[in-house]
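K.L.:
The amino acid sequence is not available; the structure is as follows:
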């Protein structure tokens, strides 16, 4: 056979095969990209009433919907703690919208490369998410983010095929990550007086008067040789005290709390003349403090919990007179 004819035939075959592969691959990729990972979740997402997130260390977060509100139950089986609805909604939304970019390995030996191994495996990098709805449930494995940051490796628990989907998932890494941060049932606007007692320091008393916002909060006994470190320092202090930036929460147990050594307390007087009492413990070996709120006038679920504060966040509750005023020397008078 003429060698030129052989070459020509070979080129035609290669070209045809290449064209077929490109068409098939493109069609398959487009089909995969248009395919939802969890199709039924898209139509049943609103029915999800329980969510659990776990990793190789155990349950990280668990919550259930009660009377339309999400309540975290992983901290204590008897007590519920308000959960961050935005985080839970975001997770369900991302899972329901996740589209498949491409299929990956079905070989369990290679799961660890994508972080989609079972969480029972030693040193597993994966996170298991369980969603329970009215008529369905979903158990999925969330693995590593793709190197280009444009997707995540995942796998439906019990199924061998791993996938690359087009969503990134924000997951809790600690028990307090998805707890509501707005826990105190009052705001700075509800407070008219605050008295801070820290160690053996002289109590510091802040009062709110009927004046412009920046000047409304004042030190009750500001002396002639004293001035505020800056005009809004007390208003900022009250905001910090009522924000309660905590790092963890544990159930309040009376006999356990009674043996704690206290180093300070704060009394909040509200506009309705009711009072709230906050008590802070000395730091533990890690520098963390505990704070408990007693609300005898207006009982609240907040009193069922003790809040753990880092050394940095606890500074808001260690206010002394020198933190809010400057003393004028005779040279500056």
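P.N.:
Structure's in. What do you need? All figures in this text were calculated on a predicted structure; none of them were measured in a lab.
K.L.:
chain center to the helix or strand harbouring residue 155, what's the gap?
P.N.:
Element membership of residue 155 [criterion: DSSP states H and E] is strand 152-156. Here the centre of strand 152-156 is set off from its chain's centre by 22 Å, with C-alpha atoms, centre = their mean, to the nearest Å.
K.L.:
Within the sheet, what are the partner strands of it, with directions?
P.N.:
strand 137-145 (antiparallel), strand 162-165 (antiparallel) (DSSP bridges).
K.L.:
Highest mean neighbour count out of the ones you listed?
P.N.:
Stretch with highest mean neighbour count among the strands paired with strand 152-156: strand 162-165 (a mean of 23; mean count of other C-beta atoms under 10 Å). Glycine gets a C-beta too; all of them are placed from N, C-alpha and C.
K.L.:
Heading C-terminal from that one, find the next helix or strand.
P.N.:
Scanning forward in sequence from strand 162-165 by DSSP H and E, the next helix or strand is strand 191-198.
K.L.:
packing partners for that following strand?
P.N.:
strand 204-208, helix 233-243, strand 262-270 (3 or more C-beta pairs under 8 Å, 6 or more residues apart in numbering; DSSP states H and E).
K.L.:
Output the strands paired with strand 152-156 in JSON lines, with distance to residue 56 appended to each entry.
P.N.:
Shown next, in JSON lines, are those (distance: least, C-beta to C-beta, whole Å):
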{"stretch": "strand 137-145", "distance to residue 56": "12"}
{"stretch": "strand 162-165", "distance to residue 56": "18"}
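K.L.:
possible to save those strands as a markdown table with mean pLDDT?
P.N.:
What follows is the strands paired with strand 152-156, written out as a markdown table (pLDDT from 0 to 100):
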| stretch | mean pLDDT |
| --- | --- |
| strand 137-145 | 97 |
| strand 162-165 | 98 |
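K.L.:
so who does residue 195 touch?
P.N.:
203, 204, 205, 206, 266, 267 (C-beta atoms under 8 Å, 6 or more residues apart in numbering).
K.L.:
pLDDT wise, what is it at?
P.N.:
Residue 195 carries a pLDDT value of 96.
K.L.:
hey, what's it bridged with?
P.N.:
On the basis of DSSP bridges, residue 195 is bridged to residue 205, residue 267.
K.L.:
filter the contacts of residue 195 to the buried ones?
P.N.:
204, 205, 206, 266 (16 or more other C-beta atoms under 10 Å).
K.L.:
My read is that the first one contacts residue 320, right?
P.N.:
Read that as residue 204. Yes. Between residue 204 and residue 320 there is a contact under C-beta atoms under 8 Å: 6.6 Å.
K.L.:
Could you tell me which residues touch both of these two?
P.N.:
Taking C-beta under 8 Å, 6+ apart as the criterion, residue 204 and residue 320 both touch residue 196.
K.L.:
nearest to residue 176, of the helices and strands packed on strand 191-198?
P.N.:
Checking the helices and strands packed on strand 191-198 against residue 176 by C-beta to C-beta gives helix 233-243 as the closest, at 15.1 Å.
K.L.:
How much space separates the residue lying closest to residue 225 once chain neighbours are set aside from residue 204?
P.N.:
Leaving aside its sequence neighbours, residue 225 sits nearest to residue 328 (C-beta to C-beta, 6 or more residues apart in numbering; 4.7 Å). Distance, residue 328 to residue 204, by C-beta to C-beta, to the nearest Å: 18 Å.
K.L.:
before we move on, what about residue 72?
P.N.:
Note on residue 72: its distance to residue 204, by C-beta to C-beta, is 35 Å.
K.L.:
how does this protein divide into domains?
P.N.:
The chain breaks down by automatic domain parsing into domains covering 39-165, 188-327.
K.L.:
just the helices in this structure please.
P.N.:
With DSSP state H as the definition, the chain shows helices at residue ranges 3-33, 39-44, 85-97, 111-114, 213-216, 233-243, 254-257, 311-314.
K.L.:
For burial, what's the neighbour tally of the residue nearest to residue 225?
P.N.:
Using other C-beta atoms under 10 Å, residue 328 has 13 other residues around it.
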